[in-house]
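Visitor: Sharing a model that was predicted from the sequence below.
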2 protein chains.
Amino acid sequence: MSKVHNFSAGPGILPSEVLKEASESCLNFDNMNLSLLEISHRSKNFEAVIDESRSLVKELFEVGDEYEVLFLGGGASTQFAMVPYNLLTDTGYAAYVNTGVWASKAIKESKIIGNTKVIASSEDTNFNYIPKGYEVPKDADFLHITSNNTIYGTQMKSFPKSDVPVVCDMSSDIFSRKINAKDFSLIYAGAQKNMGPAGSTMIMVKKDILGKTGRKMLSMLDYQVHIKGGTMYNTPPVFPIYVSMLTLRWLKKHGGISWIEKINQQKADLLYNEIDRNSLFIGTTAVEDRSNMNACFLLKDASHEPEFDKLWKSMGIDGIRGHRDVGGYRASMYNALPIESVQVLVDAMKAFETKFA
Amino acid sequence: MSKVHNFSAGPGILPSEVLKEASESCLNFDNMNLSLLEISHRSKNFEAVIDESRSLVKELFEVGDEYEVLFLGGGASTQFAMVPYNLLTDTGYAAYVNTGVWASKAIKESKIIGNTKVIASSEDTNFNYIPKGYEVPKDADFLHITSNNTIYGTQMKSFPKSDVPVVCDMSSDIFSRKINAKDFSLIYAGAQKNMGPAGSTMIMVKKDILGKTGRKMLSMLDYQVHIKGGTMYNTPPVFPIYVSMLTLRWLKKHGGISWIEKINQQKADLLYNEIDRNSLFIGTTAVEDRSNMNACFLLKDASHEPEFDKLWKSMGIDGIRGHRDVGGYRASMYNALPIESVQVLVDAMKAFETKFA
């Protein structure tokens, strides 16, 4: 049976060599004659995994020891709470840019914790663009942004620079393109879209922004507790972290972020060029904000959807039905998706045009 | 290479048939021709996993629809916070029994949230027994107990009955013996000791105890949010939940809790009889509170430890060094540990006695 062309929005596609090694680790990890699933997280074999995972993040982001890297359970949704819990003071306020459902959820949690202002939003047009031209207030405790919006297919092409700590949810485009990581004080990402399987969230935080709220904190929500515990304050999600490490190792081995950025650009160009060329389809977002990770598009005549669905399914394509908030189609092109899969989708669109145009 | 005799205290041993199926799911899950690690948690294939996991817990515990089952990330340590966050009122107080390091950590989190009383403790003798004869106050918001204490090797042989909601951390002996689950309003357990791999925590909660504090809650810490979301309010730890389901399925298939309880008793009897018989060893806990999951014991002459360590390692035994708080040895005999492994340990102890007594 041929490999499925996996455009799933998340959990998303992982490199086949990573999946193979993950599978083997369930039976015999690191030649211990034990499964990775049944060894102590305090064993030297797993401590090596934690160390390498944390180092790889810093190496790929080109940052030094002013940053700490954590891999925690609870998903990015837990970070929606932890960020303001750790950074928002009683007298200050948090500044958020609202670019979609996930940003809105982050805003909701921040409001439970303290004073929270939305300084820019694209909610007026169902988040089909990235707000620009706003000023980052100089007196905010932090600024929170979302780099890529999976549901709507928008992506920030540049980031606000500010003296205020900039916090970014990069769940759906982490390690997909070159960024200047030092412009951010905190980056977090649920692993399951571009870095590994579900169950682990990566947080890279600049230590000097922590410990300023005076809040008495629950241990599991306190970044400093996790830093002190070497990201093993409690038993970590062992297997999800291991597979994230394998994925980061794969990325580094093949040439790192500059390598994958080029491929991701080629994949995005291939698909968006077809969306624009093909008389039957239309993109859903502002052209300048199009995401290189998630391309959202519609059939101009929605009544053709059942026919198109039949066609792409017959070609081995999976996971391109759009999110219910946008409809139509969404092709997620995460790091591990081969350009061949995008070509198959483009072929399907061309074949469909020949038949129906 | 022969199988290792895995006495790891946690993450602990899992059934080999579960590990084999877990390994296969990383390559091709449910004949989807996709890895379990790269499919949507909203796919019908994974929704079936969630449904079966939740049903199996209720079936094994023999409870009805007055209970809800969740599988969340963040470990049991997150439950230390969530329990009082969801149950402790501004005017009431929480009652805790302190039986070790984990209970102490739970107490610490509760104190951050509100009024918290320790109604019984065995801290005076480094937790080597289970407090008894205490009265559960009738006006507490809830009572929190820990059924088994991995570090010290103690286990509650009976549970307090009370009109106050009884909350129990069963992380290290869940599904190891018959209990009357209906005597508890909330049971939680990190999967990685007796139910699955690290990364997922099971919570079974009686719905009618929730929603009484009036506290405005962070979404990820709110049981009702997770119940409403069908334990998928956010992306769940897919793989850890799947492997827990496989382990519960294995338990049910072989005869359920009454089957495993008998085997666990045989294993514990075999080892404790040898500890008591052998002139070189001594148990560390009150005899009546000995854990059937974790047997802690010492060499009477600690200077013999290097020799004994050499012997058991040569016999394929792994993971019996005691926790640093107790020293000596700890043999964890979770559900998946075959009695043959215990016999090998007993043989090692006998051989050591022959040599050194």
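Guide: Received the coordinates, thanks.
Visitor: use CA for all of it now, contacts and neighbours both
Guide: Will do.
Visitor: Can you check the pLDDT for the residue of the stretch 51-200 of chain A found nearest chain B?
Guide: Going by Cα to the nearest Cα, chain B is nearest to residue A:199 of the stretch 51-200 of chain A, at 3.9 Å. Here, the pLDDT recorded for residue A:199 equals 98.
Visitor: Can you give me the neighbour number for whichever residue of the stretch 201-350 of chain A sits closest to chain B?
Guide: Going by Cα to the nearest Cα, chain B is nearest to residue A:237 of the stretch 201-350 of chain A, at 3.9 Å. Neighbouring residues of residue A:237 were enumerated by other Cα atoms under 10 Å in any protein chain shown; the total is 28.
Visitor: ok so, going back, which residue, neighbours along the chain excluded, lies closest to the residue of the stretch 51-200 of chain A closest to chain B?
Guide: Counting by Cα to Cα, 6 or more residues apart in numbering or on different chains, residue B:237 is the residue found nearest to residue A:199 once chain neighbours are left out, at 3.9 Å.
Visitor: before we move on, what about residue A:294?
Guide: By the measure of Cα to Cα, 6+ apart, the closest residue to residue A:294 outside its immediate chain neighbours is residue A:332, 4.2 Å from it.
Visitor: unless I'm mixing things up, the one you found is touching residue A:291, no?
Guide: No: with the criterion set as Cα atoms under 8 Å, residue A:332 and residue A:291 do not qualify as a contacting pair; they are 9.4 Å apart.
Visitor: between those two, which one's more packed in?
Guide: The residue with more neighbours, out of residue A:332 and residue A:291 and counting by other Cα under 10 Å, is residue A:332; that gives 30 against 26.
Visitor: what sits against the more buried one?
Guide: By Cα atoms under 8 Å, 6 or more residues apart in numbering or on different chains, residue A:332 lies in contact with A:7-9, A:293-295, A:320.
Visitor: got the residues you listed as TSV, with pLDDT columns?
Guide: TSV is the format used below for the contacts of residue A:332 (pLDDT from 0 to 100):
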residue	pLDDT
A:7	98
A:8	97
A:9	96
A:293	98
A:294	98
A:295	98
A:320	97
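Visitor: Tabulate those in a markdown table, adding columns for secondary structure.
Guide: Rendered in a markdown table, the data for those read as follows (DSSP: H, G, I helix; E, B strand; the rest coil):
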| residue | secondary structure |
| --- | --- |
| A:7 | coil |
| A:8 | coil |
| A:9 | coil |
| A:293 | coil |
| A:294 | strand |
| A:295 | strand |
| A:320 | coil |
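Visitor: Reformat those as CSV; add neighbour count and distance to residue B:206.
Guide: Converted to CSV, those look like this (neighbours: other Cα atoms under 10 Å in any protein chain shown; distance: Cα to Cα, whole Å):
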residue, neighbour count, distance to residue B:206
A:7, 25, 39
A:8, 24, 36
A:9, 28, 34
A:293, 29, 42
A:294, 28, 41
A:295, 26, 43
A:320, 24, 39
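Visitor: which two in the residues you listed are spaced the farthest apart?
Guide: Greatest spatial distance among those (Cα to Cα): A:293 and A:320, at 12.6 Å.
Visitor: any chance you could map the strands in the stretch 251-357 of chain A?
Guide: Here the stretch 251-357 of chain A has its strands, by DSSP state E, counting those that start in this stretch, at A:281-283, A:294-299, A:317-318, A:329-332.
Visitor: same thing with the stretch 101-250 of chain A?
Guide: Secondary structure of the stretch 101-250 of chain A (DSSP E, counting those that start in this stretch): strands at A:116-121, A:142-146, A:148-149, A:154-155, A:166-169, A:186-190, A:201-206.
Visitor: hmm, the third one in reach of chain B?
Guide: Looking back up the chat, that one is strand A:148-149. No: when contact is scored as Cα under 8 Å from any Cα of the partner chain, no part of strand A:148-149 falls within range of chain B; the minimum is 15.7 Å.
Visitor: tell me what that strand is packed against?
Guide: strand A:154-155 (3 or more Cα pairs under 8 Å, 6 or more residues apart in numbering or on different chains; DSSP states H and E).
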